[in-house]
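In: 3D, please:
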Amino acid sequence: MAPQELLRRVAAGQDGVVSGGQALRAGLTRDQVRQLCRSGRWRRLLPGYFVPGAELSDAALRRARLRAAVASLGPGAFAVLDSALELYGIAGLRRTPQVHISVPVDRPRPQRALAPWLTVHQLTGNPTDLVRVAGIPATSPLRTAADVILRVDRYPAVAVLDSALNNGLLTSNDLLAIPSLIHGRRGAVAARGYLAEADGRAQSPLETRARLRCVDGRVPPDALQLEVRDDDGYLLGIGDLGWRGPRVIAEADGRGAHDNPGAVFADRRRQNRLVNAGWTVLRFTWADTLHPDYIPWTVRQAISPHRPS
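Out: Numbering: from 1, shown residues only. Below you'll find the predicted structure:
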């Protein structure tokens, strides 16, 4: 088998990455590796780590950089913060090109930046805080969530907690353990408040943000993932947010899940069934959550005719 074909197969099992040592063992020379990079056929990520072959998507490139960075920083390096969240598939933070790696506190951090996209931390922790995800060492979901909510504002923090709960990566008992993990750390007071607002029934950060806007606007929903059935028990639809008394439902329309034609038609049929059953259906997008007053005002208008005088 030709060296480059062999290395493409090796890379396929390593998030698209090969090391310089693997390239030499496959039969390439250092000059050949340099030429492949100069020609654009290979991409150099860090000293001694490369992506051979095809272009990668943004998500695949972040994963390749993450694996290369952990290997490049040597034994004891592990993924943390945003990068650990992405490994677990926990949503809530805006994805950026930056990769976050920690090295042990008893080892010096690199004196110069290895790459503009790499941030090297020195986070303290116990061996029990670390697990391996697809072969990459990372902080556990519990430790990752604890570290992240100390560093971000309320809306993304609650969205991260909601996503971890919804995906089964955290439990309600885990949330009870977080205050002891963050005790005495900067941001702990605010973070304890975020824990009280977490709800694993939220199925997306958009749903979390819409819920928090309603809470802040003093029209909190009394149900999440509300099942609406007819008199025969037939399921008419499920509302992301619900106000059962005034029979109002709010749907969080995110990209992807509601954009393809099949989903649009299904949404319309479900909405028609709910409206015919006497429910008011509101629909909100991410842009709507950027305005503090819009969502609670709209909900208040929908439920106000049903409020007692």
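In: how many neighbours does residue 285 have?
Out: Residue 285 has 15 neighbours, counted by other C-beta atoms under 10 Å. C-beta coordinates here come from the backbone N, C-alpha and C atoms, glycine included.
In: go on, residue 42?
Out: Using other C-beta under 10 Å, residue 42 has 22 neighbouring residues.
In: excluding chain neighbours, give the residue nearest to it in space.
Out: residue 36 (4.0 Å; C-beta to C-beta, 6 or more residues apart in numbering).
In: residues in contact with that neighbour?
Out: 4, 28, 42, 50, 52 (C-beta atoms under 8 Å, 6 or more residues apart in numbering).
In: please redo it, this time with the cut-off set to 10 Å
Out: 4, 7, 23, 28, 42-44, 50, 52-53 (C-beta atoms under 10 Å, 6 or more residues apart in numbering).
In: pull out the buried positions in stretch 227-238.
Out: 228, 236-238 (16 or more other C-beta atoms under 10 Å).
In: list the ones among those that fall in strands.
Out: 228, 236-238 (DSSP state E).
In: after the helix or strand of the chain with the lowest mean pLDDT, next one along is what?
Out: In the chain, the helix or strand scored least confidently by mean pLDDT, DSSP states H and E is helix 261-276, which has a mean of 76. Downstream of helix 261-276, the first helix or strand assigned by DSSP states H and E is strand 280-284.
In: go through that following strand and flag the buried ones.
Out: With burial defined by 16+ other C-beta under 10 Å, the residues of strand 280-284 counted as buried are 280-282, 284.
In: which elements pack onto it?
Out: Secondary-structure packing of strand 280-284 (3 or more C-beta pairs under 10 Å, 6 or more residues apart in numbering; DSSP states H and E): helix 205-216, strand 235-243, strand 248-252, helix 261-276, helix 294-303.
In: could you redo the last one with a cut-off of 7 Å?
Out: strand 248-252, helix 261-276, helix 294-303 (3 or more C-beta pairs under 7 Å, 6 or more residues apart in numbering; DSSP states H and E).
In: how about those in TSV, adding distance to residue 215?
Out: Converted to TSV, the helices and strands packed on strand 280-284 look like this (distance: least, C-beta to C-beta, whole Å):
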stretch	distance to residue 215
strand 248-252	13
helix 261-276	23
helix 294-303	9
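In: now, of those, which is deepest in the fold?
Out: Most buried of the helices and strands packed on strand 280-284, by mean neighbour count (mean count of other C-beta atoms under 10 Å): strand 248-252, with a mean of 25.
In: contacts for it next, please.
Out: By C-beta atoms under 7 Å, 6 or more residues apart in numbering, the surrounding residues in contact with strand 248-252 are 204, 206-207, 210, 226, 239-242, 274, 279-284, 299, 302-303.
In: quick one: strands adjacent to that strand?
Out: Partners of strand 248-252 in the sheet, by DSSP bridges, are strand 235-243 (antiparallel), strand 280-284 (parallel).
In: pLDDT on it, on average?
Out: In this model, strand 248-252 has a mean pLDDT of 95.
In: got the angle for that strand vs helix 294-303?
Out: Counting by axes from the mean of the first three to the mean of the last three C-alpha atoms, to 10 degrees, strand 248-252 lies at 150 degrees to helix 294-303.
In: what's the angle from strand 248-252 to helix 205-216?
Out: 140 degrees.
In: and strand 248-252, how far from the chain's centre?
Out: 23 Å (C-alpha atoms, centre = their mean, to the nearest Å).
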